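>>> My questions concern the predicted model and sequence given below.
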Amino acid sequence: MHTGQDPSTESPSVRLLVVEDDSEIAALVSRYLSGQGFQVRLAANGAMLRQALAEGPVDLILLDLGLPGEDGFALTRYLHEHWRGPVIIVSGRGESVDRVVGLELGADDYITKPFDLRELLARVRSVLRRSAAKAANEPPPAPASGVLEFAGYRLDPAARALSGADGRDIPLTTGEYDLLCLFLDHPNRVLSRNDIMSRIHGRDSGPFDRAIDVQLSRLRRKIDTATDRPPLFKAVRGAGYMFTGQVRRP
């Protein structure tokens, strides 16, 4: 890991929590980011992470996946459900499936070890900027009357619940739900991977980032199975994807 310093510094009010069980890596990251003007606290496992959140505000969490006792993916899911701040996964797992799962569970970015500390700093700053912009433009919660109907399905944004024509609930992951909502808000419009990635995760899609394809494939298997109508999701070669169904707001 390279330790080149960046001359710019952050506001001392920016508070980071580094969740890492390797004491040497934790100390290295803490020293570097503290030198850049951040307030840095450390946690070595899930219990210490929860304790740190209970003790005071945190603006961003750097989360290792290979923690003792509690899997980092489970902690990512917990944070997405119980804490609304940004999370960057920092892991030695570089496989694309791990990156997809991490993003689908709600992480804002994913960086693999070994990493350049200057890249880590750039990722932290980028996620903080996106998080601030997202908070400034956050739409109000959907009203209870904002139910959407399409192709026999019913989506209740207030309850984050999708049901079929038979009334049974259709479970969706956070990534699948966010993706479906985006398409329902833009019916019959082609959305590129970059459009989808920037609107859902606040970042551009990398050339090898297949998270959107994986999520859409799973979503199709759950709601786009009818053979008596055209597919709800259409791939537009070289452009992206389009939702072709009619969306009603009863």
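Now that the structure is in, tell me what you want to look at. Fair warning: this is a prediction, and the values are worked out from it, not measured in the lab.
>>> Report the buried residues of stretch 48-64.
By 16 or more other CB atoms under 10 Å, the buried positions in stretch 48-64 come out as 48-50, 52-53, 58-64. No exception for glycine: its C-beta is placed from N, CA and C like everyone else's.
>>> What sits closest to the most centrally placed residue in the chain if chain neighbours are left out?
Geometric centre of the chain, nearest residue: Gly106, 3.2 Å, by CA atoms, centre = their mean. Spatial nearest neighbour of Gly106, excluding adjacent residues (CB to CB, 6 or more residues apart in numbering): His80 at 3.0 Å.
>>> Follow the chain on from the host helix or strand of Ile196 and name the next helix or strand.
Assigned by DSSP states H and E, Ile196 belongs to helix 193-201. Using DSSP H and E, the next helix or strand after helix 193-201 towards the C-terminus is helix 211-223.
>>> Does anything pack onto that next one? Which helices or strands?
helix 96-104, helix 174-185, helix 193-201, strand 233-236 (3 or more CB pairs under 8 Å, 6 or more residues apart in numbering; DSSP states H and E).
>>> can you pull the alpha-carbon coordinates of that helix into PDB?
Backbone C-alpha positions of helix 211-223 (Å, rounded to 0.1, in the frame of the first residue of the first chain) are rendered in PDB as follows:
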ATOM      1  CA  ALA A 211     -24.100  -5.500 -11.000                       C
ATOM      2  CA  ILE A 212     -27.000  -4.100 -13.000                       C
ATOM      3  CA  ASP A 213     -27.200  -7.100 -15.300                       C
ATOM      4  CA  VAL A 214     -27.200  -9.500 -12.400                       C
ATOM      5  CA  GLN A 215     -29.900  -7.600 -10.500                       C
ATOM      6  CA  LEU A 216     -32.100  -7.200 -13.600                       C
ATOM      7  CA  SER A 217     -31.700 -10.900 -14.400                       C
ATOM      8  CA  ARG A 218     -32.900 -11.800 -10.900                       C
ATOM      9  CA  LEU A 219     -35.800  -9.300 -11.200                       C
ATOM     10  CA  ARG A 220     -36.900 -10.800 -14.500                       C
ATOM     11  CA  ARG A 221     -37.000 -14.300 -13.000                       C
ATOM     12  CA  LYS A 222     -39.400 -13.000 -10.300                       C
ATOM     13  CA  ILE A 223     -41.900 -10.800 -12.300                       C
END
